[in-house]
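Participant: fold the following and give me the result.
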Amino acid sequence: MAISKQDSEKMRQLAKEGKQISKIVKEDFHHQYEYWDVYLEIYGSGEKSSRGIKTMISNRLIKLIDSNKEERRNIVDELQGLVWHLYENHKANQVKLDKIRKALSE
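Facilitator: I've put the predicted structure just below:
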């Protein structure tokens, strides 16, 4: 989905200020964009490193301690998306690695 330059800047600014992606989607762009549209826009090409995602997950887990029930639900949803992203990257990397091994063995 194409995101306007104005919306993109607003998303990045809100994220820079520390607002969670799930809240950005829910409060600022509820009917316009899906969670992953906003996620990919904030993080550029969407190719966040595994280490970056690990840091994001760790920070969200720490934030769970002081969160209320609704915030926890949002954080858990966000964590699920991040873990799924790591899983999909792992599967894609396994396929690439298998192709490389096959090419080297020929």
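
Participant: show me the chain divided up by domain.
Facilitator: Per automatic domain parsing, the structural domains of the chain span 1-45, 48-106.

Participant: which one of those domains is the most hemmed in?
Facilitator: domain 1-45 (a mean of 15; mean count of other C-beta atoms under 10 Å). (Glycine included, C-beta is placed from N, CA and C.)

Participant: I'd like the average pLDDT over it.
Facilitator: The average pLDDT within domain 1-45 is 84.

Participant: for stretch 92-106, same thing?
Facilitator: Rounded mean pLDDT across stretch 92-106 is 88.

Participant: now the strands for the chain?
Facilitator: Taking DSSP state E as the criterion, the chain contains no strands.

Participant: quick check: residue 81 vs residue 6, distance?
Facilitator: Note on residue 81: its distance to residue 6, by C-beta to C-beta, to the nearest Å, is 25 Å.

Participant: swap in residue 71?
Facilitator: Taking C-beta to C-beta, one finds residue 71 at 28 Å from residue 6.

Participant: try residue 68
Facilitator: Relative to residue 6, and taking C-beta to C-beta, residue 68 is found at 32 Å.

Participant: how about residue 85?
Facilitator: Here residue 85 is placed at a distance of 27 Å from residue 6 (C-beta to C-beta).

Participant: and residue 95, by the same measure?
Facilitator: Taking C-beta to C-beta as the measure, residue 95 falls 38 Å from residue 6.

Participant: now do the contacts for the nearest residue to residue 8 once chain neighbours are set aside.
Facilitator: Once flanking residues are discounted, residue 8 sits nearest to residue 41: 5.4 Å by C-beta to C-beta, 6 or more residues apart in numbering. Contact analysis of residue 41 by C-beta atoms under 8 Å, 6 or more residues apart in numbering lists 3, 7, 8, 11, 12, 33.
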